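# Okay, predicted coordinates and the sequence, questions at the end:
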Amino acid sequence: MAAITRRYARALADTVFDRKIDAPKAAAQLRSLVTLLEESQPLREVWENPAVSAEQKLAVLDAIAKRMAAEPVVRNFMAVVIDHRRVPQLEEIAGQFEAELNQRLGMADAEITTARDLDAGERREIEGKIAAVTGKTVKASYSTDGAVLGGAIIRVGSTIYDGSVRGQLQKLKQQLISNGAGAN
């Protein structure tokens, strides 16, 4: 299924870039449609039900697209998704689309977890270090977790950088165990 969602995401990204459409705006509109679907069981039922005619499905889509002033490319993409019965995969497609945009725009999403909230200067410093390591512009999201104790855990794509006190203690524990210091 991942290959299919990547194919849809890549096709939308190709169209957005070929037509020089505002990529972040298109991503936000697609994400809005995902949110709308998550929040509206009746909408999912209409778009996923094979008994509902294509004309009715498109009429609902057109009303939503008009209300949100959606880019025609986003509206047309949604029509294809509906027509090909891929609505249940829309959230995954949107995630793949955002990843594809980030890759093409030289951006990296970073999830940063710290023991406490960071001030603006600390955030800039961490983001600068991530940018230096990845060679990309960083879009960071922050969360706190008291179990981190200190330092930070940073996730960029599938790579995790653990600079937390908790992580250092775990490494020390493993070293002690492997060196036989844990045996009495």
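That came in fine, so what should we check first? Numbers count the residues shown, from 1 in each chain.
# Tell me which helix or strand in this structure has the weakest average pLDDT.
helix 165-178 (a mean of 84; mean pLDDT, DSSP states H and E).
# tell me the SS of Leu118?
coil (DSSP: H, G, I helix; E, B strand; the rest coil).
# quick one on the thing from earlier: the least confident helix or strand of the chain: which residues count as buried?
Neighbour counts over helix 165-178 (16 or more other C-beta atoms under 10 Å) mark Arg166, Gly167 as buried. C-beta: built from backbone N, CA, C; applies to glycine.
# Which residues outside that helix are in contact with it?
With C-beta atoms under 8 Å, 6 or more residues apart in numbering as the test, helix 165-178 has contacts from Ala115, Ala147, Val148, Leu149, Gly150, Gly151, Ile153, Gly182.
# Check the offset of the helix or strand harbouring Ile93 from the chain's centre.
Assigned by DSSP states H and E, Ile93 falls within helix 90-105. Centre-to-centre, helix 90-105 and its host chain are 7 Å apart (C-alpha atoms, centre = their mean, to the nearest Å).
# quick check: mean pLDDT across that helix?
Averaged over helix 90-105, pLDDT sits at 92.
# Which is the succeeding secondary structure element to that helix?
Downstream of helix 90-105 (by DSSP H and E), the next one is strand 107-114.
# Quick check: which helices or strands does that next one pack against?
helix 90-105, helix 120-134, strand 137-144, strand 152-156 (3 or more C-beta pairs under 8 Å, 6 or more residues apart in numbering; DSSP states H and E).
# what's the distance between the residue nearest the centre of the chain and Ala51?
Central residue of the chain (C-alpha atoms, centre = their mean): Gly95, 4.5 Å from the mean position. In this view, Gly95 and Ala51 are 29 Å apart by C-beta to C-beta, to the nearest Å.
# again, but for Arg116
Arg116 is 54 Å from Ala51, by C-beta to C-beta.
# So which of those two has more stuff around it?
Neighbours per residue (other C-beta atoms under 10 Å) separate Arg116 from Ala51, with Arg116 holding more: 11 against 6.
# Would you check that that one makes contact with Thr144?
Yes. Using C-beta atoms under 8 Å, Arg116 is in contact with Thr144, at 6.1 Å.
# low-scoring pLDDT stretches of the chain, where are they?
1, 181-184 (pLDDT under 70).
# Pop the domain breakdown of it in here.
Domain segmentation of the chain under automatic domain parsing yields 2-103, 107-178.
# Kind regards, and thank you for your time.
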